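> No sequence on hand, only this structure:
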């Protein structure tokens, strides 16, 4: 989401344009040509291949489970790798294998393996045990693989959607012309829910605007909405409006974005992509190298038309759904000050804070994020509280 926010400059950078190094008097051997993608070491490539194989296996398993449950939409995806259950000692569910390569530091919290993963959640006593995860701009369902694993280990039913033109959805992002078209996979999932069943929506980054649109469309099918370092708009705003008023000068953001003009340079941009050499600092400054590598080969362009679309939100529909916001303190894409300003303009029921998290808490702080989501899910309906 942050990648699209400095496009309100008078002159957008040309897509694919590279700076040339100044000529020197001494002849130098030509530098190796740099490609648009990140060059991976063999060990990193092997790790990504391992994650991809696990993701494919998980997708097939979850589609089979959805079919057995009578759900037509097979959006559940997880590329998590799990240890098998130990038969000795009577231990419970499998442990999620960490993909972090960062060495442990003195300030890191040391917990028992199962302390945060299985929190003894009695999902049958909750208002709903189904959580729908909506990715941000450029991301896909793949980014939630750790969160899916943790929630499933706590007995939740999880769906992670690929919005139109995102993840493995084959549509061309440059051809998306409206928010409704962009969130169609989410709309279809909500429409497929049985009568009376509700879900908890979790939107990350630009996914905040997407779940806001869905909240206005399906207020009777959503019990709670969680905005995870996300755009939380007010009626009549566009995502671009919100950030253009507050972003100021973000040099990293401006350098990272590349506009795409599939209709020609004389027409508005059709999508935005990111310079993969800069996404580490912009989106993943606290995340592991393996997760950054996974993102670098998985991210896709962000459609521009939905970013410009004014959202219509009413108190009777959108306003009737309980909202929660999760702040990320080390966020370089949507800085903490902007997140706080959004909460001031449209106060949610409660604000949580993930200390030490970058713009991708599902990578950098998966267990802390899981704990917050479980806490929100456990909150009883308002009528029970009063």
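Good, I have the coordinates. Just so it is clear, the model here is predicted, and its values are computed rather than measured.

> Now do the phi/psi pair for residue 325.
The main-chain torsion angles of residue 325 are listed as degrees, to the nearest 10 and equal phi -120, psi 140.

> what's the burial count for it?
Here the number of neighbours of residue 325 (other CB atoms under 10 Å) works out to 24. For the C-beta atoms, the positions are set from N, CA and C on the backbone; glycine is no exception.

> go on, residue 236?
Count around residue 236 with other CB under 10 Å applied: 10.

> wouldn't residue 209 be in contact with residue 225 here?
No. Under the criterion of CB atoms under 8 Å, residue 209 is not in contact with residue 225, lying 11.8 Å apart.

> neighbour count winner among the two?
Per other CB under 10 Å, whichever of residue 209 and residue 225 has more neighbours is residue 209, with 30 against 27.

> Now that one: which helix or strand?
Residue 209 is part of helix 207-217, with elements assigned from DSSP states H and E.

> any idea of the angle the helix or strand that that helix is followed by forms with helix 207-217?
Next in sequence after helix 207-217, counting helices and strands by DSSP H and E, comes strand 222-228. Angle of strand 222-228 versus helix 207-217, following axes from the mean of the first three to the mean of the last three CA atoms, to 10 degrees, is 160 degrees.

> what lines up beside strand 222-228 in the sheet?
strand 199-204 (parallel), strand 322-328 (parallel) (DSSP bridges).

> average pLDDT across the next helix-or-strand element following it?
Taking DSSP H and E as the definition, the helix or strand that follows strand 222-228 towards the C-terminus is helix 239-244. Over the span of helix 239-244, the pLDDT mean works out to 77.

> Quick check: the gap between residue 152 and residue 144.
11 Å (CB to CB, to the nearest Å).

> between the two, who's got more neighbours?
It is residue 144, of residue 152 and residue 144, that has more neighbours when counted by other CB under 10 Å, with 31 against 21.

> What pLDDT does the model give that one?
Per-residue confidence for residue 144 comes out at a pLDDT of 98.

> re earlier: what do residue 209 and residue 225 both touch?
Common neighbours of residue 209 and residue 225 are listed as residue 203 (criterion: CB atoms under 8 Å, 6 or more residues apart in numbering).

> for stretch 175-184, what is the average pLDDT?
For stretch 175-184, the mean confidence score works out to 97.

> end to end, how far does that stretch reach?
End-to-end distance for stretch 175-184, by CA to CA, to the nearest Å: 14 Å.

> Next: stretch 202-213.
Using CA to CA, the span of stretch 202-213 from its first residue to its last is 13 Å.
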